[in-house]
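Enquirer: Okay, predicted coordinates and the sequence, questions at the end:
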There are 2 protein chains.
Amino acid sequence: MSWSSKPGGEGPRGYHHGNLKEALVRAALELIAQKGPGGFTFAEAARVAGVSPAAPYRHFRDRDELMADVARRGFEAFEEALLRAWDNGRPDPVTALDRLGKAYLTFARMQSAYYAAMFEASVPLDASPEMRAAGDRAFGVLRTAAEAIAATLPVASRPPALMMALHIWSLAHGIAALFARGDGARRSLPMSPEDLLEAGVLVYLQGLGARTQD
Amino acid sequence: MSWSSKPGGEGPRGYHHGNLKEALVRAALELIAQKGPGGFTFAEAARVAGVSPAAPYRHFRDRDELMADVARRGFEAFEEALLRAWDNGRPDPVTALDRLGKAYLTFARMQSAYYAAMFEASVPLDASPEMRAAGDRAFGVLRTAAEAIAATLPVASRPPALMMALHIWSLAHGIAALFARGDGARRSLPMSPEDLLEAGVLVYLQGLGARTQD
DNA sequence: CGCTTCATGTAAGCACCTCTTACATGATCT
DNA sequence: AGATCATGTAAGAGGTGCTTACATGAAGCG
């Protein structure tokens, strides 16, 4: 394929945009960041991308499909961020889990457009198999971490790792949704969301009988 | 006040609706339940209520004000439900907290339109002082519960009650948002959201050194 | 080299929503 | 009964989104 405009640059283009699909995704992210999910329209994404309102229909069936694609990319980036933070549980699972929690909140705050598309856009879970799979992989990182922690616990008080993962995910998501989002519309806290999550996870691990270095 | 239509029934009405403000709130709840927050318009609420598109402007400045009113009523109903579940910590704080958690999730599931207006509609927190106050009162129930629990803990390991309340709120909200919403768009679980929350809270309390009856 | 075909984007019109202004109706007060 | 207020209607300007028919450019084929 040879396009009228240079692949990388934003130079003048001919009749064909050249990379409209990517441009639409970027536009959607911008708009979600500004006005929240649901706060942007197909036509507006087209305007931001510099094409006519009907052009996006060549690449996405409708708004939901664009949103699902954004969410899929979000889950993939999320998985990568979580994997990097977990770093195979080094140097020890509790320390790594703490990093994981911070990475979770950092992602929710810094990539809040992605996070909104993933969790607040009411995208049907079966909108696209790829999106669902990407989401499952992202949760898989949490599950892996839970399993590593569980392995360090006394067998007697060892809970199902899946349940641990769900608890940690829920706590992190709750904190992110209530306190760690970009918009100032959220309630203020006597501590940072990161500290709140860290403290909560530590208490939780202690409840499981884990030895935490305090 | 004597109105053209009978107060309870949906019978024929005259020129005046009789209770348009209430009818608009009900219409908004219906529409939110069907299509999510943000998925309804001022004009549509008017249509559902059976009046002209301009009529709502007599009662609400704009859509956001209607939404804020819905959220306020939601917080008030929420506070009432939580207060009833807490029941002043009877027969003991841990049992009452368990009831409180179940009531939280039940509200999120059964009154999901209210819950959506309260937490997912991106209503600015300062949209109305009444709404904010109602939200603070609802959280106050959680905080009261946390204080009662904290009072039973050994002083050495007694954490700030506010932090406990934030942890429990976040966990409950996370579970509600991820798993306990009406739409089937959410992920499935190997257990009920209620059980997940109960287990999480018990582990958390154990981590604080509370004696839980297990 | 010119025609065809396909992918891609445009144009234009319909539908709907928001919000305002002027007017109509009915209840209440004196 | 007449005045006044609260409430709803009618009509329309202005804006936005969605969709159908058409236009353009690139690549393949004789």
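Expert: Happy to help now that I have it. Keep in mind it's a predicted model, so treat the numbers as computed, not measured.
Enquirer: Helices of chain A, residue ranges please.
Expert: A:20-35, A:42-49, A:63-86, A:93-110, A:112-119, A:129-151, A:161-179, A:193-207 (DSSP state H).
Enquirer: Could you save those as a markdown table and add columns showing mean pLDDT, distance to residue B:22 and mean neighbour count?
Expert: C-betas here are computed from N, CA, C, even on glycine. As requested, the helices of chain A are arranged in a markdown table below (pLDDT from 0 to 100; distance: least, Cβ to Cβ, whole Å; neighbours: other Cβ atoms under 10 Å in any protein chain shown):
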| stretch | mean pLDDT | distance to residue B:22 | mean neighbour count |
| --- | --- | --- | --- |
| helix A:20-35 | 89 | 30 | 18 |
| helix A:42-49 | 90 | 35 | 19 |
| helix A:63-86 | 95 | 33 | 20 |
| helix A:93-110 | 97 | 37 | 20 |
| helix A:112-119 | 95 | 32 | 24 |
| helix A:129-151 | 96 | 40 | 19 |
| helix A:161-179 | 97 | 30 | 24 |
| helix A:193-207 | 97 | 38 | 21 |
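Enquirer: domain ranges for chain A?
Expert: Structural domains annotated on chain A: A:6-58, A:63-207, as defined by automatic domain parsing.
Enquirer: Tabulate the ones you listed in a markdown table, adding columns for distance to DNA strand C.
Expert: Below are those laid out as a markdown table (distance: least, Cβ to the nearest atom of the strand, whole Å):
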| stretch | distance to DNA strand C |
| --- | --- |
| domain A:6-58 | 3 |
| domain A:63-207 | 13 |
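Enquirer: which one of those lies closest to chain B?
Expert: domain A:63-207 (3.0 Å; Cβ to the nearest Cβ).
Enquirer: and residue B:73, which of the domains of chain A is closest to it?
Expert: When the domains of chain A are compared by Cβ to Cβ, domain A:63-207 sits nearest residue B:73, at 19.0 Å.
Enquirer: That closest one and chain B, are they touching?
Expert: Yes: on the criterion Cβ under 8 Å from any Cβ of the partner chain, domain A:63-207 is in touch with chain B at A:119-120, A:122-125, A:159-160, A:162-163, A:166-167, A:169-175, A:177-179, A:183, A:185-187, A:189-191, A:196, A:199-200, A:202-207.
Enquirer: quick one on the thing from earlier: for residue B:113, find the nearest of the domains of chain A.
Expert: Short answer: domain A:63-207, nearest of these by Cβ to Cβ, at 13.4 Å.
Enquirer: Work out the gap between the closest one and the centre of the chain.
Expert: Computed by Cα atoms, centre = their mean, to the nearest Å, the chain-centroid distance of domain A:63-207 equals 8 Å.
Enquirer: ends of that domain, how far apart?
Expert: Taking Cα to Cα, to the nearest Å, domain A:63-207 runs 45 Å from one end to the other.
Enquirer: Wondering if that domain reaches DNA strand D at all.
Expert: Yes: counting by Cβ under 7 Å from any atom of the strand, DNA strand D has neighbours in domain A:63-207: residue A:63.
Enquirer: Leaving out the residues flanking it, which one is nearest to residue A:27?
Expert: Nearest residue to residue A:27, sequence neighbours excluded (Cβ to Cβ, 6 or more residues apart in numbering or on different chains): residue A:48, at 3.8 Å.
Enquirer: Distance-wise, check that neighbour relative to residue B:143.
Expert: Going from residue A:48 to residue B:143 by Cβ to Cβ, to the nearest Å gives 43 Å.
Enquirer: Check the contact between residue A:78 and residue A:139; I expect there is one.
Expert: No: in this structure residue A:78 lies outside contact range of residue A:139 using Cβ atoms under 8 Å: 9.5 Å.
Enquirer: ok, now how distant is residue A:105 from DNA strand D?
Expert: 32 Å (Cβ to the nearest atom of the strand, to the nearest Å).
Enquirer: how about the nearest residue to residue A:66 once chain neighbours are set aside, what does it touch?
Expert: Leaving aside its chain neighbours, residue A:66 sits nearest to residue A:60 (4.3 Å; criterion: Cβ to Cβ, 6+ apart). The contact partners of residue A:60, taken as Cβ atoms under 8 Å, 6 or more residues apart in numbering or on different chains, are A:21, A:24, A:42, A:66, A:69.
Enquirer: Serialize the residues you listed to a markdown table and add fields for distance to residue A:54.
Expert: What follows is the contacts of residue A:60, written out as a markdown table (distance: Cβ to Cβ, whole Å):
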| residue | distance to residue A:54 |
| --- | --- |
| A:21 | 15 |
| A:24 | 13 |
| A:42 | 9 |
| A:66 | 14 |
| A:69 | 18 |
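Enquirer: which among the residues you listed gets closest to residue A:85?
Expert: residue A:69 (24.9 Å).
Enquirer: For the closest one, give me its contacts.
Expert: Residues near residue A:69 by Cβ under 8 Å, 6+ apart: A:25, A:60, A:128, A:131.
Enquirer: Columns distance to residue B:135 on top of those residues, output as a markdown table?
Expert: Supplementary listing: the contacts of residue A:69 in a markdown table, determined by distance: Cβ to Cβ, whole Å:
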| residue | distance to residue B:135 |
| --- | --- |
| A:25 | 35 |
| A:60 | 37 |
| A:128 | 35 |
| A:131 | 33 |
